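Colleague: next input, structure requested:
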Amino acid sequence: MSVARCPGSCGEIIQGWILGSEKLISCPIDWYSTVEVCDGTPLPDERPLTRATVNALLAHFGYALSRSQALRVEVHSTIPVAKGMASSTADIAATAIATAHHLGHSLDESILATLCVSLEPTDSTLFRQLTLFDHHHARTQIACGPSPEFDLLVLESPVILRTADYHRLPREAALHANADVLQGAWEKVQTACASNSASLLGEAATLSAIASQALLPKPGFAALLSLVESCGLYGLNVAHSGSVVGLMLDRRHHDVEYLKWALGQKKLTDHWPKQHLLSAVPGGVQLSA
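Modeller: Residues are numbered from 1 along each chain as shown. All right, here's what the predicted structure looks like:
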């Protein structure tokens, strides 16, 4: 048996029209999908796309497709689904790495990314470093360097939106209109990683979140921005193709309990009734020893 895990994401640090096409940088958090692959009969209630991942992996390494029916995949994850938290990418990437390892192979990040996008638009959580990623074709994979350390108060909404549905929305005009803003945000991300500045990373995320309002507006957005400003938080990031929002902060210096109280006072908990205090983490799929 082989076991691998991949983190989910609190939306994206940035997403939009950058370097000639739509790209993103995910925001990996310490909430994981863990996948076990072993010899055995497939389970009847497999998660969507896990078997497709196994089949794509087998084809990549030249195995007969019949080998798939002798592999059992078990996914253990509580990452909320269809809210912009990269639950599907976490499942798929961990399944691919666990399957490859079980068969005696390895996959580098670039090949893993290419395999994943062949199945669906993919988050960049599968990369160890913050990475500007062409989530449709995997042609662009630009590592930004180690991320500054920060925490997030993740605001979870009951609203669901599947990534495929988001990508069917008419988005091109709004993407192009905000290209200059996103170019600036991309430059801030690079500087933030080079200088280990969480506040600069928060500025980049906030710029992208504001631009995202033209595509998939979040309710109470002005009140959220006001809270970020009044509490001196690093910034605000959003799921550009989902409903989740993240308040970027340092739990050692910012008053998280006050933030939760303020969210209630401003009635923002009507939109986001669940909050999770989580740490931003390096991305990448990890194999268990």
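Colleague: now the longest strand seen in the chain: buried residues?
Modeller: In the chain, assigned by DSSP state E, the strand with the most residues is strand 21-39. Applying a neighbour-count criterion of 16 or more other C-beta atoms under 10 Å, the buried positions in strand 21-39 are 22-29, 31-37. In this view, the C-beta of every residue, glycine as well, is placed from N, C-alpha and C.
Colleague: of all these, which two lie farthest apart?
Modeller: Glu22 and Glu36 (34.1 Å; C-beta to C-beta).
Colleague: still on that earlier bit, just want the angle from the next helix or strand after the longest strand of the chain to strand 21-39.
Modeller: The first helix or strand that comes after strand 21-39 along the chain, using DSSP states H and E, is helix 50-60. Helix 50-60 and strand 21-39 are oriented at 90 degrees to each other (axes from the mean of the first three to the mean of the last three C-alpha atoms, to 10 degrees).
Colleague: use 76 as the first number for this chain going forward.
Modeller: Got it, the first residue is 76 from now on, which makes the last one we talked about helix 125-135.
Colleague: can you find the helix or strand in the chain with the smallest mean pLDDT?
Modeller: Across the helices and strands of the chain, mean confidence by mean pLDDT, DSSP states H and E is lowest for helix 238-241: a mean of 68.
Colleague: what distance separates the next helix-or-strand element following it from the centre of its chain?
Modeller: Heading C-terminal from helix 238-241, the first helix or strand you meet, by DSSP H and E, is helix 247-252. Distance, stretch centre to chain centre, for helix 247-252: 22 Å (C-alpha atoms, centre = their mean, to the nearest Å).
Colleague: counting by contacts, list what helix 247-252 packs against.
Modeller: strand 77-93 (3 or more C-beta pairs under 8 Å, 6 or more residues apart in numbering; DSSP states H and E).
Colleague: try 10 Å
Modeller: Counting contacts by 3 or more C-beta pairs under 10 Å, 6 or more residues apart in numbering; DSSP states H and E, helix 247-252 packs against strand 77-93, strand 96-114, helix 273-287.
Colleague: how about Leu207, phi and psi?
Modeller: Backbone torsions of Leu207, given as degrees, to the nearest 10, read phi -70, psi 120.
Colleague: what is the burial count for it?
Modeller: 21 (other C-beta atoms under 10 Å).
Colleague: so who does it touch?
Modeller: Contacts were defined as C-beta atoms under 10 Å, 6 or more residues apart in numbering; by that measure Leu207 touches 88-89, 93-94, 98-100, 199, 215-219, 261, 264-265.
Colleague: so which of those residues is the closest to Glu231?
Modeller: Ile88 (18.3 Å).
Colleague: so the closest one sits against Ser283, correct?
Modeller: Yes: in this structure, Ile88 is within contact of Ser283 by C-beta atoms under 10 Å, at 7.0 Å.
Colleague: which residues do the two both contact?
Modeller: Leu99, Ile100, Ala260, Trp261, Lys263, Val264, Gly310, Asn312.
Colleague: give me the contacts around stretch 264-274.
Modeller: Stretch 264-274 is touched from outside by 88-89, 93, 100, 204-205, 207, 217-226, 263, 275-280, 282-283, 307-310, 323-325, 355, with contacts defined as C-beta under 10 Å, 6+ apart.
Colleague: show me what counts as buried in it.
Modeller: Neighbour count says stretch 264-274 has Val264, Gln265, Ala267, Cys268, Ser272, Ala273, Ser274 buried, by 16+ other C-beta under 10 Å.
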